[in-house]
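In: One predicted model, sequence on top.
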Amino acid sequence: MPQEQISGRQLWFILFMMRSSIIISFFPILTSAEAGRNAWLSGILVFFGSEIFIILLNSLDQRFPGQTIIEYSPQIIGKIPGKILGLLILWLFLQISIIEIRLYGELIITGFLPETPMLFIIGIMVFASFFCIHNGVEVLGRTADFIFFIFILILIGIILTPLKEFNINNLQPVMAQGIKPVLRGTIVPLGLISQVWVIGILNAITKKNPKYKYWIPITSIGLSLLLMTIIVFITIGVIGAYEGSRASFPILTLMRSIIFTHFLERTEIIIIFGWGMGLFISVSTFLYCGARGIADWFNLNDYKFLLLPMSIIWIYMSNYSFTNIFTLYKFMSPQIFGPYGLSLLLGPLLILWTGYLVKSIYRKIKGW
Amino acid sequence: MKNKILILYIFLIIILISGCWDRQEPENRAIILVAGYDYNPRRDLYKLILQINNTLGPQNEEGTEGKPPFWTVSAWGSTPIKAIANIRKKVSRNIFYSHLKILVISDTLAQTKGLVPVMDALSRTRQSRPTIQIAVTDAKVEEILNFEHPIESVAGTGLRNLIELTEKELGTAITQTGKEVLNKLATPGIEPIAIYLQKRNSGSENDSEGDLTEKKPGVALGGLVSFRNTKMVGILNNEEAQGWNFISGQSPTAVLNITYPQKKDIKATVKTKRTDQQIIPLYDEKLNQPQIKIKTTVEGKIIDFTGPVSLKKESKITHSLEQRLAEAVRNRIKQALEKSRLLKSDIYGLGNSFYRQKNKQWEKINTNWEKRFAELPVKIEVKTSISRSGMVNHGLKKNTERY
């Protein structure tokens, strides 16, 4: 395996953008359930829930420095179960990334380029990521460095420009239907947290800086979730809960319905610009993690020759695995993606932790 | 080898970046600023009326009489979008709706079909934006669109400015964007409203108001249109629209006349500046009776006296003026409420205040809210302060005191 490294800062940026890009597009917290005007409360719950997952995953990962999750899972729970688990995680990477690419394509076609074939939009994005990763993961790190500040400026723009039209009445009443809809609203966003399995691979190539390393995933994903909650809050306040939840892409609707200082309209293209960059980071990360994971799974020395076939499979799958946007929404509904994503997140995590604890207790008894 | 690849790259860039195969030239576009919908209930057909901005260059230059600044064209269709498709046959350019500023709906459409067909098309299509102003007219939509605004080149900008300025400076009109209408359609306990465009008849010998140069009829704003269950039920006139603005606080400005204390023939004109309002829902559990308290704080400044007055220090007179202003504001609010009760249309969101703050009680009363709204006891509390009197204080009179 080639010796590659990204710095802790770059890891922070990558995780932040990867998490935020799917939030900007699909906004599962508002669109996936009937939490409606209380969706921001779901956001706060998702924040705490995901932090627990991340702490669990991260603290396990820190015990195996320099090794990817694909490498150390056979060490914990035995060779064959470990390999199966690794395969599961690789499958998850594939699935989440094709969903994200597809959503990006859908949004571009719905909002901006209705004539362009989906294949073209998806292909361009995946091939950009392919070139990036083919030049090594350092390129990904440096691109993240470069894009992050543009990305964060755009996020601040999303938060600040609609503030003038914010109407607190749209957010009341708080929890009129009780806590149930709020809890239901957390299911899909929590399932999407299963993205964070990339920590299991990225941690292995991050420069060793034990003091901060532990905090990088926690703070980065935490901040992106907090921003998501703020953006949900503002979206509901500006366009109303029902309009937000029936919108195919709430942020797009939000940015379309504001006129900033009387003359500045049509700012949504900037948002899509930012999201495209975030998505590029996200797709590249998944591409790297997928390729690196497969290489580790087969004990290969290099992963780069896997990138081209992988990209082609991704383009094919994201274009053809959903017949229309309704199948995509159905897949992302709490009834389907909720249990699916949560089991893919919690299942491997519980198995790995149990295995690890059992093993260490066993070792203590044996006196190793 | 590397250089060859680089050259290939550069060539590719030159070919790929020079233009899109799917390009849209601005000169091939028909830019729409105002559009309108009419409805024929007998045949169940929608009529789309577009006002296309004439982009054929400056008019009346170099001595040539240019073409008219806009062209109005219409088409029928079985749905609003079908009408858009049908108008395609009549316009030689690519119709571009992104700059649409005002959508005028005829009262027939608003009364029979309501807002849903048009608003759904508006929120679903890509080019239309939720920032479009929604207006209703009881004149013919074509007529409203065809009126020339003598000092504007395009009717669209003229109409929009007219609406915005009237709201801002008089409070007798309102602006209502698609975003707000959509939100009100989806929120319990509040009914949507729309801008009301009226035909201004002027130019006759007897009536010398309005357009005096060309003596043509034009557009005027006549208050606001009130809806119930997505359908238009009635119109609130200018004064009632001011009342709506006082309750909702959307536009705090209104020019109000009050009589000067002690002297009946002197009128004072007050411009209200800042208002602060609260709608407080109250619920009597024993009688099962909802009640509303509207608290309004209005700040005004005196802009005119029609006769000699003395006004400098805080005195009984200033207090009396303040009370009279409060009375005037209260009257506006009462007028507006009475009209809405008559129409059974809760356009102020009084029910919504229950929904937001007293949700449990709202569950009991929401089933027949329209009826309850018509009988709802409303307490109005108005606090006013007249904060300044313009560049001078006393009224104009002979100076008898020695200075």
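Out: Alright, I've got the coordinates. Numbers count the residues shown, from 1 in each chain, chains lettered A, B, ... in the order given.
In: Report the distance from stretch A:169-183 to the chain centre.
Out: Relative to its parent chain, stretch A:169-183 has a centroid offset of 26 Å by C-alpha atoms, centre = their mean, to the nearest Å.
In: And the helices in the stretch 51-200 of chain B?
Out: B:80-87, B:107-112, B:116-124, B:141-146, B:155-169, B:178-186 (DSSP state H, counting those that start in this stretch).
In: Out of the ones you listed, which gets nearest to chain A?
Out: helix B:178-186 (3.5 Å; C-beta to the nearest C-beta). The C-beta positions use only the backbone N, C-alpha and C, and glycine is treated the same way.
In: Can the closest one be said to contact chain A?
Out: Yes. Helix B:178-186 is in contact with chain A by C-beta under 8 Å from any C-beta of the partner chain, via B:178-179, B:182-183, B:186.
In: Dump the helices of the stretch 51-200 of chain B into a markdown table; add mean neighbour count and mean pLDDT as well.
Out: A markdown table is the format used below for those (neighbours: other C-beta atoms under 10 Å in any protein chain shown; pLDDT from 0 to 100):
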| stretch | mean neighbour count | mean pLDDT |
| --- | --- | --- |
| helix B:80-87 | 18 | 89 |
| helix B:107-112 | 19 | 90 |
| helix B:116-124 | 18 | 86 |
| helix B:141-146 | 21 | 85 |
| helix B:155-169 | 19 | 84 |
| helix B:178-186 | 23 | 88 |
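In: now those in TSV, with distance to B:Thr384?
Out: Below are the helices of the stretch 51-200 of chain B laid out as TSV (distance: least, C-beta to C-beta, whole Å):
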stretch	distance to B:Thr384
helix B:80-87	46
helix B:107-112	36
helix B:116-124	38
helix B:141-146	37
helix B:155-169	19
helix B:178-186	28
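In: Among those helices, which comes closest to B:Phe70?
Out: Of all the helices of the stretch 51-200 of chain B, helix B:155-169 sits nearest to B:Phe70, with 6.3 Å by C-beta to C-beta.
In: quick one, phi/psi of B:Gln278?
Out: Note on B:Gln278: backbone dihedrals following degrees, to the nearest 10 are phi -140, psi 140.
In: Which strands or helices does the longest helix seen in chain A pack on?
Out: If each helix of chain A is counted by residues according to DSSP state H, the longest one is helix A:79-111. Applying 3 or more C-beta pairs under 8 Å, 6 or more residues apart in numbering or on different chains; DSSP states H and E, we find helix A:79-111 packed against helix A:8-26, helix A:69-77, helix A:118-134, helix A:250-256, helix A:268-297, helix A:304-320, helix A:325-331, helix A:337-366.
In: nearest to A:Ser194, of the ones you listed?
Out: Closest among those, using C-beta to C-beta: helix A:337-366, at 3.9 Å.
In: Name the residues of that closest one that are buried.
Out: A:337-338, A:340-342, A:344-345, A:348-349, A:351-352, A:355-356 (16 or more other C-beta atoms under 10 Å in any protein chain shown).
In: Chain B: which of the helices and strands packed on helix A:79-111 is closest?
Out: helix A:250-256 (5.2 Å).
In: Quick check: which ranges of the chain have low pLDDT?
Out: As the question left the chain open, I've gone with chain A. Counting by pLDDT under 70, chain A contains low-confidence ranges at A:1-2, A:31-33, A:209-210, A:367-368.
In: I was thinking of chain B, sorry if that wasn't clear
Out: In chain B (pLDDT under 70), the answer is B:17-22, B:55-67, B:202-215, B:401-403.
In: near chain A, which residues of it?
Out: B:22, B:98, B:123, B:126, B:129-131, B:177-179, B:182-183, B:186-187, B:349, B:352, B:355-357, B:359.
In: Looking at these, which are in strands?
Out: Among these, DSSP state E puts none in strands.
In: List the contacts of residue 356.
Out: Just so you know, I chose chain A. A:Tyr356 sits next to A:60, A:63, A:76 when contact means C-beta atoms under 8 Å, 6 or more residues apart in numbering or on different chains.
In: Please refer instead to chain B.
Out: Neighbours of B:Arg356 in contact, by C-beta under 8 Å, 6+ apart: A:169, A:172-173.
In: try it again with 10 Å
Out: A:37, A:168-174, A:176, B:187-189, B:279, B:281, B:349, B:362 (C-beta atoms under 10 Å, 6 or more residues apart in numbering or on different chains).
In: Any idea how many residues pack against the residue of the stretch 51-200 of chain A found nearest chain B?
Out: Across the stretch 51-200 of chain A, no residue is closer to chain B than A:Gln172, which sits at 3.6 Å (C-beta to the nearest C-beta). Residues near A:Gln172, counting by other C-beta atoms under 10 Å in any protein chain shown, number 14.
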